[in-house]
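**Q** let's see this in three dimensions:
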Amino acid sequence: MTGYAPLGARTDRLVDVSRSHLEGISCSEQRIVSSTGSSISALIVRPSSTSKTVEGPNSNVVVLYLQGNAGNPLHRIPVFQSLLSAHSSVRATVKPDITVISPAPRSYWTSRGRPSQRGILTDYTSALSYALNQYPRARIVLYGHSLGGAVALCLLSQRNLPEVLGKDAERVSGVILENPFASIPGMIEALYPQKWLPYRYLKPFVWDRWDALGALKESSDEGTEKT
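**A** You can find the predicted model right below:
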């Protein structure tokens, strides 16, 4: 895992993004301090037509976007535009006021630190706490793309998460998974099924496994035991 791809992903700046690429939205960069004392960058995105301030603490829905393994939140601006414009086109008597928070975990964008499964889970847990604290009336929806899908499931399956989030944990209301995978070892076997290739035999040496399926099963088993 690395945040250096594509070239320039670590040095891109919001001020350099063309205004034509920000049509219909307002963006700002926010620093989020993690539980370990380090800080990560996050892009805050709001519909420009509905907010006077980018922070929008009165939002009643916050989408916490967990990115895939490349680039930075600025590269996902078209995704956020599509998400917010689709919402604005929906006919409803009362429309939710949506804010998108896209954190860049350690080693991505301007966030410092060495990437690891434990470290990235710490960063996203801090981002989730930030969203709950900053938007006290909002429901939180996790949106995980690719690697971010596995991260979302591993994040929500952490045993200590209810203790970390406290009573606000009940406001985590949904998960959207786009092109996720079950685990890194499982993905290796799916991509290289041929037994004569060496890759499948390297699975035991994978350090960050991102075993989303295993995390879900463990969480389900714990829930069954409690009932």
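**Q** quick check: phi and psi at the residue nearest in space to the middle of the chain.
**A** Here the mean C-alpha position of the chain is nearest to the C-alpha of residue 66 (CA atoms, centre = their mean), at a distance of 1.6 Å. Backbone geometry at residue 66, expressed as degrees, to the nearest 10, gives phi -110, psi 110.
**Q** beta partners for it?
**A** residue 144 (DSSP bridges).
**Q** in contact with it, which residues?
**A** Applying CB atoms under 8 Å, 6 or more residues apart in numbering, we find residue 66 in contact with 103, 124, 142-145, 148-149, 151-152, 155. C-beta coordinates here come from the backbone N, C-alpha and C atoms, glycine included.
**Q** and the lengthiest helix in the chain, which residues are buried?
**A** When the chain is parsed with DSSP state H, its longest helix is helix 117-134. Using 16 or more other CB atoms under 10 Å as the test for burial, helix 117-134 gives 117, 119-132, 134.
**Q** distance from the chain centre to it, please.
**A** 9 Å (CA atoms, centre = their mean, to the nearest Å).
**Q** dump it to PDB, restricted to CA.
**A** Output in PDB follows, covering the C-alpha atoms of helix 117-134 (Å, rounded to 0.1, in the frame of the first residue of the first chain):
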ATOM      1  CA  GLN A 117      -3.500  -2.100   8.500                       C
ATOM      2  CA  ARG A 118      -3.500  -1.200  12.200                       C
ATOM      3  CA  GLY A 119      -2.500   2.400  11.400                       C
ATOM      4  CA  ILE A 120      -5.000   2.900   8.700                       C
ATOM      5  CA  LEU A 121      -7.800   1.500  10.900                       C
ATOM      6  CA  THR A 122      -6.700   4.000  13.600                       C
ATOM      7  CA  ASP A 123      -6.900   6.900  11.200                       C
ATOM      8  CA  TYR A 124     -10.300   5.900   9.900                       C
ATOM      9  CA  THR A 125     -11.600   5.300  13.400                       C
ATOM     10  CA  SER A 126     -10.500   8.800  14.300                       C
ATOM     11  CA  ALA A 127     -12.200  10.200  11.100                       C
ATOM     12  CA  LEU A 128     -15.400   8.400  12.100                       C
ATOM     13  CA  SER A 129     -15.200   9.900  15.600                       C
ATOM     14  CA  TYR A 130     -14.600  13.300  14.100                       C
ATOM     15  CA  ALA A 131     -17.700  13.000  11.900                       C
ATOM     16  CA  LEU A 132     -19.900  12.000  14.800                       C
ATOM     17  CA  ASN A 133     -18.600  14.800  17.000                       C
ATOM     18  CA  GLN A 134     -18.600  17.500  14.300                       C
END
